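# Next come a sequence and a model predicted from it.
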Amino acid sequence: MPRKPLIGINADFRAAARTTPAFAYIAEGYYRSIINAGGVPVLVPPQVDEESVHAILDAVEGFMFIGGADLDPRNDGFMLHPSVRPLDAGREKSDRMLMAEIAERRMPVFGIGTGMQLINVQQGGNLFLHIKEDLPSAVPHLDVQDTNHRHTLDVVSDSLVGRVYGDGEIRVTSRHHMAIDEVAPGFRVTARCPDGVIEAIESEMLDWFAIGTQFHPESDAASALDIRIFEEFVDAVRDRSEQLEGNTEPGDLQLVA
Ligand SMILES: N[C@@H](CCC(=O)NCCCC(=O)O)C(=O)O
């Protein structure tokens, strides 16, 4: 039975309202998918300083960033757009601190929705702030009446998502109004919606497993293939821990020719 690696997952945050206290929260699909893929999810509420970020990343072996509202474009030197619904400022600050340190450590990371957008901007890419304006011929990527709104996906066969989904028609859950514009250096696009919107990016760096999906493989409408992305991620986290511990047996090494 393979060992279950510890995977940190950032929680979202909602401020107190008239009848409810403030709380940190996460949709079940995110942590359930990590459990189903053989990992142990460790929920991480927003952190306030670098010391805490370091302590958390010392304890976990990989990290997953979940979806949510919008990264504030002003934090990347862009103007606010009327369509932007910013994340809670405390969550965004925490996510950015975590992501910077994860990149520094080359810790395996998987970002979904806002999580993928975070990886891209932290690594030097940028975003379209509103698909309807920036890419007017795009198909709908958000349906406020249907959290499981789906569209088709074209994958690059020589990639993780290509390996996972294979040939045949792929349909994925879509809930976003922003999208990647310029892809960060060191990453490549591995899936697009047929309208051209970027739906997955993967690291090309040999020393860093990093992947992001704009679509939602954790959604209630997820297919058996969607869970394979989480399995690939959890396997990569376990493999890296074994490498760091020097536990890789010679027989485990694969020749790449
Ligand atoms: N800034 C993004 C948000 C995309 C996203 O993460 N959607 C999921 C919302 C909540 C969830 O299901 O966790 C955008 O481009 O709209």
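It's in.
# which residue ranges form the helices in the stretch 51-200 of the chain?
Assigned by DSSP state H, counting those that start in this stretch, the helices in the stretch 51-200 of the chain fall at 89-105, 114-122, 131-134, 160-165.
# Buried deepest among these, which one?
helix 114-122 (a mean of 24; mean count of other CB atoms under 10 Å). To be clear about C-beta, it is placed using only N, CA and C from the backbone, and glycine gets the same treatment.
# What lies in contact with that helix?
10, 64-71, 76, 87, 95-96, 99-100, 103, 109, 111, 126-127, 178, 180, 183-184, 187, 200-201, 210, 212-214 (CB atoms under 8 Å, 6 or more residues apart in numbering).
# Just the buried ones from those residues, in ChimeraX syntax?
Of the contacts of helix 114-122, the buried ones go into a single ChimeraX selection, burial set by 16 or more other CB atoms under 10 Å:
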select :10,64,65,66,67,68,70,71,87,95,96,99,103,109,111,126,127,178,180,183,184,187,200,201,210,212,213,214
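# Determine the number of other residues adjacent to the residue in the stretch 101-250 of the chain positioned nearest to the ligand.
At 2.3 Å from the ligand, G113 is the closest residue in the stretch 101-250 of the chain, using CB to the nearest ligand atom. Neighbour count for G113, taken as other CB atoms under 10 Å: 23.
# My guess is it contacts Q214. True?
Yes. Using CB atoms under 8 Å, G113 is in contact with Q214, at 6.6 Å.
# Need the overlap of contacts for the two.
Common neighbours of G113 and Q214 (CB under 8 Å, 6+ apart) are H176.
# Up against the ligand, what does this structure have?
For the chain, the residues in contact with the ligand (CB under 6 Å from any ligand atom) are 27, 66-68, 70, 113-114, 117, 175-178.
# can I get the CA coordinates of stretch 162-176 in CSV?
What follows is stretch 162-176, C-alpha atoms only, in CSV (Å, rounded to 0.1, in the frame of the first residue of the first chain):
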residue,chain,number,x,y,z
GLY,A,162,-3.2,14.5,-22.5
ARG,A,163,-2.1,11.2,-20.7
VAL,A,164,-5.0,11.5,-18.3
TYR,A,165,-7.8,12.2,-20.8
GLY,A,166,-6.5,10.4,-23.9
ASP,A,167,-8.5,10.6,-27.1
GLY,A,168,-12.2,11.1,-27.5
GLU,A,169,-14.5,14.0,-26.5
ILE,A,170,-13.6,15.5,-23.1
ARG,A,171,-16.1,17.7,-21.2
VAL,A,172,-15.0,19.7,-18.1
THR,A,173,-16.7,21.9,-15.5
SER,A,174,-16.1,25.6,-16.0
ARG,A,175,-16.7,28.5,-13.6
HIS,A,176,-14.7,31.6,-14.5
